[in-house]
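Visitor: everything below, folded, please.
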Amino acid sequence: MGITYVEATVTGPEGGSQTINLLVDSGASYSLLPSEVWSKLKLEPKREVEFILADGSKIQRQVSECHFSLENVDGHSPVILGEEGDEALLGVITLENMGLILDPFKRTLKNMQMRLS
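Guide: Numbers count the residues shown, from 1 in each chain. So this is what the prediction gives:
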């Protein structure tokens, strides 16, 4: 198992944007933005979701959405509004929304084969 980071630009509803490094976490469903990033983008919570961590513990986090641009593709995705100490993550829902997957051998993002069925 390796660690992969990618650079992405995230944009909020008022057009403010920030370029950040995200840890690609193929085990995470949602992406996560640290509080200093999402607050600058003026993201507003849309709902609260309970998440189960790897150790089995449960946490509550607010969820919003924003625009992601990375690897020459872009799109909107749900995003967890991180709290103090939370690290920026790129989850599989964001990757799938943009038609990307993590190549586990090369530790890079590549285009996924899209299926209609």
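
Visitor: now the residue most central in space within the chain: how far from L23?
Guide: Nearest to the geometric centre of the chain sits S31, at 2.3 Å (CA atoms, centre = their mean). As for S31, its distance to L23 is 10 Å (criterion: CB to CB, to the nearest Å). Any C-beta I mention is one placed from the backbone N, CA and C, and that applies to glycine too.

Visitor: need the overlap of contacts for those two.
Guide: Listed as contacting both S31 and L23 by CB atoms under 8 Å, 6 or more residues apart in numbering are 89-90.

Visitor: ok, the residue nearest to the centre of the chain - contacts?
Guide: Residues in contact with S31 (CB under 8 Å, 6+ apart) are 22, 68, 77-80, 89-91, 93-94.

Visitor: in helices only, show me these.
Guide: Among the contacts of S31, the members found in helices (DSSP state H) are 93-94.

Visitor: farthest-apart pair in the contacts of S31, please.
Guide: When CB to CB is used, the two most widely separated members of those are L22 and P78, lying 14.4 Å apart.

Visitor: those two: which has the busier surroundings?
Guide: L22 (22 against 18; other CB atoms under 10 Å).

Visitor: show me what the strand ranked longest in the chain is packed against.
Guide: Scanning the chain for the longest strand, with DSSP state E as the assignment, gives strand 58-70. For strand 58-70, the elements it packs on are strand 5-11, strand 31-33, strand 47-52, strand 73-81, judged by 3 or more CB pairs under 8 Å, 6 or more residues apart in numbering; DSSP states H and E.
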